[in-house]
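Asks: could you work out the structure for the sequence below:
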Amino acid sequence: MTYYGAKELAEAFKTVRKNTIQIAEDIPEDKYSFKAAPDVRSVGELLAHIALSPTFQLEFHGNTSAGFENFNFMALFERLSADMAKPRTKAQVIELLRSEGEKFASFVGGLSDDFLGETLTMPPGGTPSQRVRIDMIMSVKEHEMHHRGQLMLIERMLGIVPHLTKQQQERMARMQQQQRN
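Replies: Below is the predicted model:
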């Protein structure tokens, strides 16, 4: 019996992306050029990176069933790097997060359990030497959550209380109030 398949993965990704979009909305546009340290992406660059990163898994799993042999990683990497480097307004970044997120979630939601369960042999030097497709596709969500943690720290640096923290504080205050009553 499968407990976690394409539908669940697509819904989990949508939740992660919704929270990323909320952060993108909460950070003022004049802070999109903020960098937490030298030689790291700015807020806007990081959000564009998050928006476009699923493209790798989308194109790899959407365009090939054989494996890595005929997939041109460098061409995709160069194209994505150029797209990520484009200057964008806050509104454009948010729209990119929405549209690319919907595209990826729709793709994932339509995958079969058999497809998700396929084992692929990684290119020479890859570790592990084999991976299951669902693991590769789930890495999109994990990657975004990693960067969202960075964004939440950046929000703190900018004096913004992250929305998930606010929600947790509100829940705790309600629970405390209920205990007092």
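
Asks: what stretches of this protein score poorly on pLDDT?
Replies: 1-2, 64-67 (pLDDT under 70).

Asks: going along the chain, name the helices of the protein.
Replies: In the chain, the helices defined using DSSP state H lie at 6-26, 43-52, 54-63, 73-84, 90-109, 113-116, 133-157, 163-180.

Asks: okay if I get the ones you listed as a markdown table plus distance to Ala36?
Replies: All C-beta atoms are positioned from the backbone trio N, CA, C, and that covers glycine. Listed next are those as a markdown table, based on distance: least, Cβ to Cβ, whole Å:
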| stretch | distance to Ala36 |
| --- | --- |
| helix 6-26 | 14 |
| helix 43-52 | 9 |
| helix 54-63 | 23 |
| helix 73-84 | 18 |
| helix 90-109 | 17 |
| helix 113-116 | 36 |
| helix 133-157 | 5 |
| helix 163-180 | 18 |
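
Asks: the ones you listed: which one's closest to Met122?
Replies: helix 133-157 (9.6 Å; Cβ to Cβ).

Asks: next, the angle from that closest one to helix 43-52.
Replies: 160 degrees (axes from the mean of the first three to the mean of the last three Cα atoms, to 10 degrees).

Asks: chain center to helix 133-157, what's the gap?
Replies: Relative to its chain's centre, helix 133-157 lies at 6 Å (Cα atoms, centre = their mean, to the nearest Å).

Asks: next: stretch 32-46.
Replies: Per Cα atoms, centre = their mean, the centroid offset for stretch 32-46 relative to its chain is 17 Å.

Asks: just to revisit the earlier point, out of the helices of the chain, which is closest to Phe34?
Replies: helix 43-52 (5.2 Å).
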